[in-house]
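Novice: Please work out how this folds:
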Amino acid sequence: MNPFSMDESLLQNPDALAEQWRTLRAAHHHLHSPDAARRLRVPEAALMASHQGQGAWSLRPDLSALLNSMEQWGRVILVARNGLGVGMVLGSGVCVSSRKDWLVMQEPAGPSELFVQPSAVHEVWLLEDHDAHGHTFSVNAFDGQGHAILRVFLMSKQGREIALPHLQRFETDRVRGAWAPAVPAATLADPAQTAACFSNAVPEHDHCGPTDASRDPHETVIRYFEQSAERAGPVTLRFCGAAVGFQYHGPFGKTSTTPGAVHAHDTGFKLHLRLDAARNVTVDSVHGLIVREEAGGWVQVAPTIAPKPTQTTRRALLQALVGLPALGAVGWLAPHRRAEAQARGTRWLSLQSFVSEIVVALGGADRIVAIGGGQDHLGELLDRPRIPGFRQTSAEMLLAFEPTDLLVTQEHLMPQTLQQLQAAGVRVHLLDPRSDAQGVVARITQVGLLLQKEQDGQSLSARFQRDLAHQHSQAVWATPPRGVFILAGGGRPTVVAGGDTHPGALLRMAGTVNLGDALTGFKSLSQEFLASAQPEFILTNPDGLEGTPPVVLAAPGARLTAAARQGRVIALPGYLLQGMGIHTPRAIAQLREALKPWFA
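Specialist: Alright, predicted model coming up:
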């Protein structure tokens, strides 16, 4: 903001400023504080100061001390700004470390890192807000002219219980009064200092390739965003502002446009750019798209910049490897053997949907020649032949596909079948069998190593853990609903899920009570069990909803339950019920949404 355009009368009268801010928000429910500050012609820090002690609290501007416990705060959103707009990093368990004169914030093994210059921070405010976006708490750091450098939103209820007492220790004795800049504008940090933090240099304006002269610069930005999303390959995204920046390596996700703006987001980041702020737009095959703004900030999107692993990501990878089960002779290929196999051409069998999902997500679908049942949701594998059976599948049936590799968890096939396959020269990769989040992360690591896509595997693991943590934080009920999972229909026996099954775990992860927790495995139903358990809802597979009434209600004792009397019977897609995998967060969300009308 140009300091000569400030409304000095509002800066001198915090009561009037607070009232105008309230009036503006009443008229525009979704107005963010940066936009409010722009409309009122005051720095954003002045808005905070006008609410000192009334939803805003001044904190000592020691950013390193304030944020040193962020790892315990759960899910957070880190927000950086420059003249083009806003970039956000989404993460859980974010670690804060020092790198020369900068603080670096990164989720272990995550796809993003954000860096901020603590010496540029002159004010920090803790803000409690109630608006159209809900009830939020955020830490807001400003430079000496009141411009926002970094905002940290505390998204986890449990994390706030840790963060707020810690932050309140840094509250100052500042009293509510007129606001004034702390330093001259000429002494503020320059985005050129931030640019030095990136691992690869961004060319100066004169060395950038030209924009296609036949296309409007705004259209160039929009089209490049759309193409990056359509490619579905990894990109490097860099966001550079004064005293703050971040870089992200991973899928570009989805893009959209609104009047005068373009947006992109994936599970690890969000980006909102104002097209009218773009002063220079360049595109070339080496550096991708670079958009610059008047004050020197810029945003870059490029598919060709390889990420430079940090110590954090290497350490996380080693920890994941140490946790893998010993596989012995059937286990995994050494790197040189993997390369030989790829040179010869590989033919993989993947019998379990939660394994195939990882292979597909890491770009290995072309290696799979046959799959087990329950994988129709994977469009990349729709043309692959299905292998019938479960543990009784014979080695002869599997060998008919001439496989070079089998990816499976040990319990899925009989031991003698695995031995016969190995004797026939098939490389058997026994994946981590655990039905929990650690098992999913370990399986992603294993498949990533087999595909020689370790970095992509780390990004996928980070997204899975973020999504799972978010769903856990949402699974809160006033009184947890009590339910059971009954497998029914399809010509199979009707059974109830015990506590050690995936459906049983899914019920717990959604914050509900699994009334079958005391059982192990899948057990035959008795009328006495359901009559005494009295579930408030029944979860079943899609086959269980067939017929009128649904076939699942033909289970012994089912019609005597409150769930049956009140019609509280729901089903999830089969692939979400087969095992703990990268789509489990989606299963938790769908189950919770299905239950909300009855138990919200």
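Novice: Give me the distance between Q145 and A192.
Specialist: According to Cβ to Cβ, to the nearest Å, Q145 stands 18 Å off from A192. Any C-beta I mention is one placed from the backbone N, CA and C, and that applies to glycine too.
Novice: Neighbour count for the two, which is higher?
Specialist: Each of Q145 and A192 has its neighbours counted (other Cβ atoms under 10 Å); Q145 has more, 19 against 12.
Novice: so what's the nearest residue to the more buried one once chain neighbours are set aside up against?
Specialist: Once flanking residues are discounted, Q145 sits nearest to P181: 5.0 Å by Cβ to Cβ, 6 or more residues apart in numbering. Shown in contact with P181 (Cβ atoms under 8 Å, 6 or more residues apart in numbering): P3, P43, G144, Q145, G146.
Novice: Helices along the stretch 451-600 of the chain, start to end?
Specialist: Per DSSP state H, counting those that start in this stretch, the stretch 451-600 of the chain carries helices over the ranges 454-474, 502-509, 527-533, 562-565, 584-599.
Novice: Mind checking which of the contacts of P181 are buried?
Specialist: Taking 16 or more other Cβ atoms under 10 Å as the criterion, what is buried in the contacts of P181 is P43, G144, Q145, G146.
Novice: Next, give me the two most distant ones among those residues.
Specialist: P43 and G144 (10.0 Å; Cβ to Cβ).
Novice: Pick the one among the contacts of P181 closest to W57.
Specialist: G146 (16.7 Å).
Novice: Name all residues that make contact with that closest one.
Specialist: With Cβ under 8 Å, 6+ apart, G146 has these contacts: M1, V42, P43, E44, A45, A46, E123, W179, P181.
Novice: Next, the fifth one: secondary structure please.
Specialist: When you say that, I think you mean A45. Three-state assignment for A45 (DSSP: H, G, I helix; E, B strand; the rest coil): helix.
Novice: Excluding chain neighbours, what is closest to P14?
Specialist: The shortest distance from P14 to any non-neighbouring residue, by Cβ to Cβ, 6+ apart, is to S50 (4.1 Å).
Novice: quick one, phi/psi of that neighbour?
Specialist: phi -70, psi -10 (degrees, to the nearest 10).
Novice: Against S9, how distant is it?
Specialist: 13 Å.
Novice: Could you give the number of residues near D173?
Specialist: Neighbour count for D173, taken as other Cβ under 10 Å: 5.
Novice: can you check E411 too?
Specialist: 10.
Novice: Go ahead and confirm it touches P433.
Specialist: Yes: between E411 and P433 there is a contact under Cβ atoms under 8 Å: 5.9 Å.
Novice: Direction included, what does the one helix or strand H130 maps to pair up with?
Specialist: Secondary structure from DSSP states H and E places H130 in strand 123-131. Each strand paired with strand 123-131, and its direction, by DSSP bridges: strand 56-59 (antiparallel), strand 134-142 (antiparallel).
Novice: export the last one as PDB, just CAs?
Specialist: What follows is strand 134-142, C-alpha atoms only, in PDB (Å, rounded to 0.1, in the frame of the first residue of the first chain):
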ATOM      1  CA  GLY A 134     -16.500 -20.100  10.900                       C
ATOM      2  CA  HIS A 135     -14.700 -19.600  14.200                       C
ATOM      3  CA  THR A 136     -11.000 -19.200  13.500                       C
ATOM      4  CA  PHE A 137      -7.800 -18.400  15.300                       C
ATOM      5  CA  SER A 138      -4.700 -17.100  13.500                       C
ATOM      6  CA  VAL A 139      -1.200 -15.800  14.100                       C
ATOM      7  CA  ASN A 140      -0.500 -12.800  11.900                       C
ATOM      8  CA  ALA A 141       2.900 -11.300  11.300                       C
ATOM      9  CA  PHE A 142       3.400  -7.800   9.800                       C
END
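Novice: Just after it, pick out the following helix or strand.
Specialist: strand 148-154.
Novice: Okay, buried residues for the next helix or strand after that following strand please.
Specialist: Once the chain leaves strand 148-154, the next helix or strand it forms, by DSSP H and E, is helix 157-168. Across helix 157-168, burial judged by 16+ other Cβ under 10 Å covers G159, R160, I162, A163, H166, L167.
Novice: from those residues, which is closest to F401?
Specialist: Nearest to F401 among those is G159, at 48.1 Å by Cβ to Cβ.
Novice: ok, now which ones touch the residue nearest to the closest one when sequence neighbours are not counted?
Specialist: The shortest distance from G159 to any residue other than its chain neighbours is 3.0 Å, reached at G74 (Cβ to Cβ, 6+ apart). Contact analysis of G74 by Cβ under 8 Å, 6+ apart lists S92, G93, L154, M155, S156, Q158, G159, A469, S473.
Novice: And those residues, which of them are buried?
Specialist: Using 16+ other Cβ under 10 Å, the buried members of the contacts of G74 are S92, G93, L154, M155, S156, G159, A469, S473.
Novice: residues contacting the residue nearest to the last one when sequence neighbours are not counted?
Specialist: Spatial nearest neighbour of S473, chain neighbours left out: S156 (5.1 Å); criterion: Cβ to Cβ, 6+ apart. For S156, the set of contacting residues under the criterion of Cβ under 8 Å, 6+ apart consists of W73, G74, R75, V76, S92, A469, S473.
Novice: what do you get if the cut-off is 6 Å, keeping everything else the same?
Specialist: G74, R75, S473 (Cβ atoms under 6 Å, 6 or more residues apart in numbering).
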